[in-house]
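> just the structure for this:
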Amino acid sequence: MAIIRSRHTRFHTTFFRWYTSRMLKRHFSGIVTELDDCPTDKPVLLIANHFSWWDGFIGNYLSYKYLKKKFHVMMLREQLEKRMFLNKAGAFSVEKSSRSAVESILYSAEILSQKENLLLMFPQGKIESLYHKDFRFAKGVEKILAKCDSPPEVLFNINLVDYFSRVSPTLFIRTLSYQGDLLAKPLEEAFNRFHSDCISLQNENLI
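Residues are numbered from 1 along each chain as shown. From the prediction side, this is the model:
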C-alpha cells in the first residue's frame, strides 16, 4: 500500500497556524524559548522529544514563527487515517515493519531536498513520560539522512513544562544545532547530552 503523502492547502496551513497559536496561549501561562541559530538557506530536520499531544503543535509553532519553514511531520498510518485533515497541514504516513516504510524514508529525504521545508521527527517513535531519559534512536533518522543528496540542518528540540506557583504550566522550548556525524549513535548521544543540559537549566530556573 502506498504511503499517504502530505498535501498542504493554504486554508489548512493558515488554520493550523492560527489554532496552534491560540491553543498554546490558552493552555500555557507562558512560553520561554532558548533557540540556537539556524541557517535559513537549508531544509531543517527537527528532532524532538515526544511526551505529549502537544508536541506536533510545538513543532509547527517553531516552524512558522521562528524558522519560517513549510511544516511536515511523519505519523503512524493508523493515526493519520483517523485524522486525515492533518494531511493537509503537512502530515504523511509511515508503517513500521512494512515494505512501505522504505517509501516513507525516500519521501522524507525528498522533503529534505528543498530548502523551504522542515521535517519534524520523534526518534523515540512513541510518546513517553516527560521524565524519560536515555533516548534510543531508531534507524529511521540515519536512513533518511543517508538518502539526502546534501545534508539538511539538523536541529535538536527539547520541550519541557513546569508549573512552579502557577495554575497553568510554562512551556520551555529549547533548540540546538547539531554539527556531528549523521549516524544514529552520535545523534543519539548528542541528543541525550542536550536533554541532560536542558534538565539542568530547568532546575536553575526560578519563575
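> tell me the SS of D41?
coil (DSSP: H, G, I helix; E, B strand; the rest coil).
> how close does it sit to F16?
25 Å (C-beta to C-beta, to the nearest Å). For every residue, glycine as well, the C-beta is placed using N, CA and C.
> mind checking the pLDDT average for stretch 192-203?
Averaging the model's pLDDT scores along stretch 192-203 yields 94.
> for it, C-alpha coordinates in PDB please.
C-alpha atoms of stretch 192-203 as PDB (Å, rounded to 0.1, in the frame of the first residue of the first chain):
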ATOM      1  CA  ASN A 192      20.800  12.800  25.200                       C
ATOM      2  CA  ARG A 193      23.500  15.300  26.300                       C
ATOM      3  CA  PHE A 194      21.300  18.200  25.100                       C
ATOM      4  CA  HIS A 195      18.400  16.800  27.000                       C
ATOM      5  CA  SER A 196      20.500  16.500  30.200                       C
ATOM      6  CA  ASP A 197      21.700  20.100  29.800                       C
ATOM      7  CA  CYS A 198      18.100  21.200  29.400                       C
ATOM      8  CA  ILE A 199      17.100  19.400  32.600                       C
ATOM      9  CA  SER A 200      19.900  21.200  34.400                       C
ATOM     10  CA  LEU A 201      18.800  24.500  33.100                       C
ATOM     11  CA  GLN A 202      15.300  23.800  34.100                       C
ATOM     12  CA  ASN A 203      16.400  23.200  37.700                       C
END
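> what does that stretch contact?
The contact list for stretch 192-203 (C-beta atoms under 8 Å, 6 or more residues apart in numbering) reads 34, 49, 133-135, 156, 158, 160, 162, 172, 174, 176.
> nearest residue to the middle of this structure?
The chain has L120 as the residue nearest its centroid, 3.3 Å off, counting by C-alpha atoms, centre = their mean.
> check which helix or strand covers the residue lying closest to that residue once chain neighbours are set aside.
Of all residues not flanking L120 in the chain, G59 sits nearest, at 3.8 Å (C-beta to C-beta, 6 or more residues apart in numbering). Using DSSP states H and E, G59 maps to helix 55-61.
> quickly note the distance from the residue of the chain most remote from its centre to W54.
Distance from the centre of the chain peaks at S165, with 28.8 Å (C-alpha atoms, centre = their mean). As defined by C-beta to C-beta, S165 lies at a distance of 22 Å from W54.
> do the same with A146
30 Å.
> more neighbours: which of the two?
Between A146 and W54, counted using other C-beta atoms under 10 Å, W54 has the larger neighbour count: 17 against 12.
> residues contacting that one?
24, 159, 171.
> which of those lies closest to L76?
Checking the contacts of W54 against L76 with C-beta to C-beta, the nearest one is N159 at 20.1 Å.
> so what pLDDT did the closest one get?
At N159, pLDDT is 97.
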